[in-house]
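Student: this one's structure only:
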């Protein structure tokens with residue numbers, strides 16, 4: 001379990017990757033529309049945004065549905081989602097699968113996230 005306050009989801013998953021690969025589904029990540037809109041307006045990537053009061057949990061595949069049900073049973077966990085899996089492929093990397101089926105590597109954030117200027 002980990003609180004993604006500093007560096008957001010992307011940083012946390014990169015710290016976890018180590019000797020395994022992590023593959024996540026972009027459409028499964030529960031990002032509120034207002035957060036997505038503000039990030040787009042400011043040119044920020046919501047995957048690197050601080051997420052105070054949230055938690056990322058890794059569990060064995062056979063325990064995923066039970067863990068998800070337990071999280072969703074609490075009012076603060078009603079938006080809990082299964083967003084990805086650990087894989088032997090691409091060890092040490094976090095890979096995001098887009099809605100179009102493409103994959104892109106999610107790198108560790110170097111320095112502070114700065115808004116796009118152009």
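Tutor: That came in fine, so what should we check first? Given the structure is predicted, the values throughout are model-derived calculations rather than measurements. Numbering: from 1, shown residues only.
Student: contacts for the one helix or strand residue 10 maps to, please.
Tutor: Per DSSP states H and E: residue 10 is located in helix 8-17. Contacts to helix 8-17, defined as Cβ atoms under 8 Å, 6 or more residues apart in numbering, come from residues 2, 4, 22, 24, 29, 45-51, 56, 58, 84, 91-94, 106-109. Glycine gets a C-beta too; all of them are placed from N, C-alpha and C.
Student: where are the low-confidence patches of this structure?
Tutor: 111-118 (pLDDT under 70).
Student: helices of that one, residue ranges please.
Tutor: 8-17, 33-42, 64-72 (DSSP state H).
Student: contacting residues around residue 6?
Tutor: residue 50.
Student: on that earlier part again, same list (the helices of the chain) but as TSV, adding mean neighbour count and distance to residue 98.
Tutor: Formatted as TSV, the helices of the chain follow (neighbours: other Cβ atoms under 10 Å; distance: least, Cβ to Cβ, whole Å):
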stretch	mean neighbour count	distance to residue 98
helix 8-17	20	15
helix 33-42	12	15
helix 64-72	13	22
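Student: for residue 102, find the nearest of these.
Tutor: helix 8-17 (17.1 Å; Cβ to Cβ).
Student: what's the local residue count around the residue nearest to residue 35 when sequence neighbours are not counted?
Tutor: For residue 35, ignoring the flanking residues on the chain, the nearest one in space by Cβ to Cβ, 6 or more residues apart in numbering is residue 46 at 5.8 Å. Per other Cβ atoms under 10 Å, the neighbour tally for residue 46 reads 18.
Student: with residue 19 instead?
Tutor: Neighbour tally, residue 19, other Cβ under 10 Å: 7.
Student: distance of the closest residue to it other than its chain neighbours from residue 17?
Tutor: Leaving aside its chain neighbours, residue 19 sits nearest to residue 91 (5.7 Å; criterion: Cβ to Cβ, 6+ apart). To residue 17, residue 91 is 8 Å away according to Cβ to Cβ, to the nearest Å.
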